[in-house]
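Participant: Fold the following for me, if possible:
(one chain, ligands or ions: 1)
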Amino acid sequence: MGSNQAFTRPVTVRVLDMSASEAARSAAVTAKLKVRCSDPVLYSDPSSCLDDLARNNTDVLVLDLETIGGDEALEAFAVRCPSSVIIAVSAKGSVSRAVSAMRAGAHDFLTKPFSLDMLASKISFQLDQRKPVPIVIPATEQLLKDQSDNAIRIPRAPAASGLEKLIGRSVAMSVVYDQIKRMAPSHAPVFITGESGTGKELCANALHSLSERKSERLVTINCAAIPRDLIESEIFGHVRGAFTGATDNRAGAAEQADGGTLFLDEIGEMDLLLQSKLLRFLQTGTFQRLGDTTTRKVDARIICATNRNPLAEVTAGRFREDLYYRLHVLPIQLPPLRERRDDILILAQTFLERFAAEERRGFRGFDADAETRLTAYNWPGNVRQLENTIRQIVVMNDGLAVTFDMLPMLIRDPSGRSGTIVDLSRERARAAAPARAFSTIEPLWAQEKRIIEDALDAFDGNIAMAAAALEISPSTIYRKRQSWQERSG
Ligand SMILES: Nc1ncnc2c1ncn2[C@@H]1O[C@H](COP(=O)(O)OP(=O)(O)OP(=O)(O)O)[C@@H](O)[C@H]1O
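Facilitator: Next comes the predicted model:
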């Protein structure tokens with residue numbers, strides 16, 4: 001297995017558990033690992049373990065949560081040994097316990113009593129992920145303007161690294177680049193989370209193009225954009241006559257992605273019935289086209305993404321817990337743009353150059369006021385909103401530098417943001433008022449429709465930006481539109 005190649009020296013395992021017998025039992029896992037291990041080191045109290053970790057590295061750390069006293073303490077261990085595999089164990093297992101432990105820095109979680117085989121398999125999997133990978137080369141800097149002209153330095157991802165479309169050199173993005181490079185060669189599913197417009201699809205593309213599957217297809221299914229009754233056939237295909245309109249046999253995305261990657265975008269929108277079919281597919285690699293009796297097998301690497309909180313969806317019963325654990329093997333969390341403000345001007349400059357060339361404008365950069373405002377703004381629609389904003393500025397203006405006055409009102413005066421949209425909708429309601437009987441109350445769905453349409457108008461039909469301004473997900477807009485269409489027949 002891969003971990004044999006990764007470790008040329010014996011692997012060190014440390015176990016912390018206040019029960020000496022439990023610690024000894026967990027430590028026996030070294031006999032089950034397929035890598036050479038040195039003698040395991042056991043601790044019964046957290047402070048001696050932490051002290052020891054300050055002086056000595058460890059490859060694997062098994063921590064009993066009751067012994068260390070909770071997630072805050074777990075964070076201290078994770079900070080002390082950032083490159084170790086940390087497996088949290090606890091007698092009080094629950095989804096929320098597992099999740100909070102993993103948030104605090106554990107790589108995996110086991111409920112006591114667990115089998116040594118299970119512990120060994122979790123450790124082996126994590127060690128395997130630590131195969132040596134090329135170190136992320138720091139972004140090269142390209143001088144765009146002459147030094148005498150307040151040089152703007154634009155860092156770019158290294159050419160042909162598979163990451164070149166992802167721009168940004170904040171610490172948060174460096175972590176993401178590193179995760180992509182490490183995860184790309186694996187066959188395990190990747191689960192990407194992040195707000196709308198943070199670059200989840202770009203990230204999926206980079207994972208595919210850095211994988212051994214890059215010569216095969218990356219097939220994307222947007223679960224929010226496809227009507228619910230069609231999505232199963234989009235993923236698994238259908239045979240002629242399977243439903244009205246199925247005039248031919250058709251391969252679905254899973255078959256098209258055979259040997260390559262299947263990217264399920266907005267997976268949080270998938271209904272529960274289809275989730276169980278997807279789970280079966282993930283467990284067996286097999287499926288049947290809709291209306292078919294033949295079982296087919298494919299080898300597709302799964303990447304999925306959502307802008308929802310997947311655990312909240314599990315808790316709310318909208319997402320199957322077993323499917324979540326099948327998919328949530330290699331997680332990537334994309335940070336919102338407001339949490340990596342260092343990237344705003346780099347992105348803005350790159351988009352400015354691209355759109356100035358496309359639209360044949362003379363823009364070279366931003367003046368100081370425009371830069372200050374762009375950096376301070378919160379970008380609810382993230383990179384997509386920034387990209388659209390820069391395009392809008394380039395199309396509507398010309399000059400050498402983008403000035404404060406060229407910024408859209410929404411960015412210049414964010415406090416007026418709600419005013420722009422709510423006023424529009426109120427205006428429309430006011431205009432409609434005289435035609436309505438005093439006691440007529442507009443149905444809720446119609447009011448919602450009006451508000452959403454106003455927001456879409458305000459952003460020239462841009463769903464992501466309208467959704468961000470309304471503080472809902474773009475998929476809600478897609479869903480609502482579908483339901484309005486159904487209403488109108
Ligand atoms: N780091 C980045 N560098 C360059 N462009 C980016 C970056 N992140 C996002 N973008 C651009 O922003 C837009 C939105 O990106 P993408 O579609 O990948 O986001 P998303 O998170 O999948 O959004 P949604 O959840 O709405 O589907 C795209 O045009 C993409 O090229």
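Participant: Any idea how many residues pack against E22?
Facilitator: When neighbours are defined as other Cβ atoms under 10 Å, E22 has 21 of them. (C-beta placed from N, C-alpha, C; glycine too.)
Participant: now for the helix or strand harbouring I235, which elements pack on it?
Facilitator: Element membership of I235, judged by DSSP states H and E, is helix 228-236. Here helix 228-236 touches strand 218-222, helix 253-256, helix 272-284, going by 3 or more Cβ pairs under 8 Å, 6 or more residues apart in numbering; DSSP states H and E.
Participant: G93 contacts T111, correct?
Facilitator: Yes. G93 sits in contact with T111 when judged by Cβ atoms under 8 Å, with a separation of 2.6 Å.
Participant: quick revisit: which one of the helices and strands packed on helix 228-236 lies nearest to the ligand?
Facilitator: strand 218-222 (7.4 Å; Cβ to the nearest ligand atom).
Participant: mean confidence for the closest one?
Facilitator: Strand 218-222 comes out with an average pLDDT of 94.
Participant: which residues does the residue in the stretch 201-350 of the chain positioned nearest to the ligand contact?
Facilitator: With Cβ to the nearest ligand atom as the measure, E201 is the residue of the stretch 201-350 of the chain nearest to the ligand, at 3.4 Å. Residues near E201 by Cβ atoms under 8 Å, 6 or more residues apart in numbering: T220, F263, D265, A305.
Participant: Looking at the protein, which residue is nearest the ligand?
Facilitator: For the chain, Cβ to the nearest ligand atom, closest residue to the ligand: G199, 2.6 Å.
Participant: picking up where we left off before, can you list the buried residues in the helix holding I235?
Facilitator: I231, E232, S233, E234, I235, F236 (16 or more other Cβ atoms under 10 Å).
Participant: Can I get the helix or strand hosting D457 as CSV, trimmed to CA atoms?
Facilitator: Using DSSP H and E, D457 maps to helix 444-458. Only the C-alpha atoms of helix 444-458 are listed here, as CSV (Å, rounded to 0.1, in the frame of the first residue of the first chain):
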residue,chain,number,x,y,z
LEU,A,444,-47.0,34.5,-0.2
TRP,A,445,-45.6,32.7,-3.2
ALA,A,446,-46.5,35.7,-5.4
GLN,A,447,-44.8,38.2,-3.0
GLU,A,448,-41.8,36.0,-3.0
LYS,A,449,-41.8,35.8,-6.8
ARG,A,450,-42.0,39.5,-7.0
ILE,A,451,-39.1,40.1,-4.6
ILE,A,452,-36.9,37.5,-6.3
GLU,A,453,-37.7,38.9,-9.7
ASP,A,454,-36.8,42.4,-8.4
ALA,A,455,-33.5,41.2,-7.1
LEU,A,456,-32.8,39.5,-10.4
ASP,A,457,-33.7,42.7,-12.3
ALA,A,458,-31.3,44.6,-10.0
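Participant: does the ligand sit close to the next helix or strand after it?
Facilitator: Per DSSP H and E, helix 444-458 leads on to helix 463-470 as the next helix or strand towards the C-terminus. Yes. Interface with the ligand: helix 463-470 contributes A464 (Cβ under 6 Å from any ligand atom).
Participant: What lies in contact with helix 463-470?
Facilitator: 196-197, 380-382, 384-385, 388, 417, 421, 451-452, 455-456, 458-459, 473-474, 476-478.
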